[in-house]
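*Asks:* Have a look at this prediction, sequence included:
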Amino acid sequence: MAAPSILIVLHDFALGGTERVAVRLAAAWAERGAAVTIFAGADTGPLRALAGDRVEIILAEPPIPRGRGSRTRLARAARALVAWRAFDGVFIPGNFHWPVAAALGGSGIPIVAQVSAALDKPQRGRLRQWAFEHRMRYLLRRVQAVVTLSDVARDQANRILRNAIATTIALPALADGNPPPTPIPNTRPPVVLAAGRLVPEKGFARLIAAFAALPDGSGRLVIVGDGPEADALRRQADALGIADRVELAGYVADIRPWLDTARLFVLASDFEGYPAVLVEALAAGRPVVATDCTPATRLLDLAGAGSVVALGNTAALAEAIARMLDQSPPDPGQLAASVAHHRIGAVAEAYLDLFAVVRA
């Protein structure tokens with residue numbers, strides 16, 4: 001079968017996990033001979049360069065910036081595009097872009113939609129969860145395949161959609177040339193690293209509170225990322241008397257150099273889909289303490305890979321961090337090997353195989 005022509009619809013090139021995955025997959029598919037086109041509502045955000053020179057980029061005219069009703073306008077513009085331009089398949093990257101799947105359904109082009117965020121959140125409550133599932137069924141009612149990032153999410157998606165069309169393909173969190181892990185440093189005090197957008201649901205306030213419960217000299221907390229909570233988190237650290245032990249380093253383009261300095265990585269979120277940063281931490285050979293916020297914590301079942309604590313339990317989070325810091329460091333190579341299936345090359349091939357199936 002000839003290499004496919006694949007359309008990816010993105011709102012823009014914002015610095016988000018969904019957008020990063022989509023653009024990296026586009027480049028990987030193009031390298032393997034596929035004709036890949038990204039249709040974007042706006043040429044904003046820093047991720048466009050990741051697509052490389054082999055990916056065609058078409059921008060909506062006039063532009064469609066993010067805002068009220070913008071996803072509906074993006075969906076209409078995408079449908080207008082496929083009305084005159086033929087593609088073998090369409091990739092809908094993540095929950096945020098599902099309205100595009102609804103607009104393109106019935107166009108005759110096979111659609112593969114990705115699940116990027118948690119499908120079942122306890123925080124929603126029963127009524128909101130019912131509404132979410134009803135909307136998901138409506139938006140994805142005419143797609144040919146759904147890709148989830150874990151078997152747990154696959155089973156949830158098939159239940160919600162009442163149709164066994166979901167399949168698991170690993171998150172392409174790692175480059176094929178991802179460097180091998182370095183030895184875990186023996187610095188004193190050890191660095192405990194966390195990363196993400198500084199918003200309440202990422203749990204950084206709880207992490208700082210947990211860190212304050214650790215004895216002086218037991219570690220230094222470094223948080224990389226930016227967001228609206230930055231000043232509040234600094235004030236919290238100061239109020240708890242640990243400002244000298246907490247560093248908010250701001251946004252970084254590449255987390256790997258920071259992981260190389262760390263003894264331990266902590267994911268303290270309230271909920272996550274399948275966070276790339278957890279995979280990146282293990283690929284760097286660093287153990288992880290995580291809240292029970294994502295199916296990706298299954299990766300921590302490997303001996304020495306880390307531990308999982310209950311949501312909302314600050315004391316348990318502090319105890320887990322202290323326990324991991326007291327243990328002998330695990331073998332970094334073993335941790336890295338456990339997530340090798342997240343390399344972009346194998347993931348890109350799995351997607352191309354799926355597109356071949358839905359085309360047939």
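*Replies:* Sure thing, it's come through. Since we're looking at a predicted model, the values are computed, not measured.
*Asks:* so what are the domain limits for the chain?
*Replies:* Residue ranges for the domains of the chain, per automatic domain parsing: 5-172+343-359, 191-341.
*Asks:* Show me where the stretch 1-150 of the chain has its strands.
*Replies:* Applying DSSP state E, counting those that start in this stretch to the stretch 1-150 of the chain gives strands spanning 5-10, 35-40, 56-59, 89-92, 111-114, 145-148.
*Asks:* Turn those strands into JSON lines, including mean pLDDT.
*Replies:* Shown next, in JSON lines, are the strands of the stretch 1-150 of the chain (pLDDT from 0 to 100):
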{"stretch": "strand 5-10", "mean pLDDT": "97"}
{"stretch": "strand 35-40", "mean pLDDT": "98"}
{"stretch": "strand 56-59", "mean pLDDT": "97"}
{"stretch": "strand 89-92", "mean pLDDT": "97"}
{"stretch": "strand 111-114", "mean pLDDT": "97"}
{"stretch": "strand 145-148", "mean pLDDT": "97"}
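*Asks:* Can you lay out those as CSV showing mean neighbour count and distance to Ser307?
*Replies:* In short, each C-beta sits where N, CA and C put it, glycine included. Below are these laid out as CSV (neighbours: other Cβ atoms under 10 Å; distance: least, Cβ to Cβ, whole Å):
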stretch, mean neighbour count, distance to Ser307
strand 5-10, 25, 36
strand 35-40, 22, 39
strand 56-59, 16, 43
strand 89-92, 26, 35
strand 111-114, 26, 29
strand 145-148, 24, 25
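*Asks:* mind checking which of those is nearest Arg159?
*Replies:* Closest to Arg159 of these is strand 145-148 (Cβ to Cβ; 11.7 Å).
*Asks:* Within its sheet, name the partner strands of the closest one and how each one runs.
*Replies:* strand 111-114 (parallel), strand 166-168 (parallel) (DSSP bridges).
*Asks:* which one of the domains of the chain lies closest to Pro179?
*Replies:* Comparing the domains of the chain by Cβ to Cβ, domain 191-341 comes nearest, at 7.2 Å.
*Asks:* and Ala22, which of the strands of the stretch 1-150 of the chain is closest to it?
*Replies:* Nearest of the strands of the stretch 1-150 of the chain (Cβ to Cβ): strand 5-10, 5.5 Å.
*Asks:* related to what we said a few turns ago, got TSV for the strands of the stretch 1-150 of the chain, with distance to Pro179 too?
*Replies:* Below are the strands of the stretch 1-150 of the chain laid out as TSV (distance: least, Cβ to Cβ, whole Å):
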stretch	distance to Pro179
strand 5-10	28
strand 35-40	27
strand 56-59	29
strand 89-92	29
strand 111-114	27
strand 145-148	27
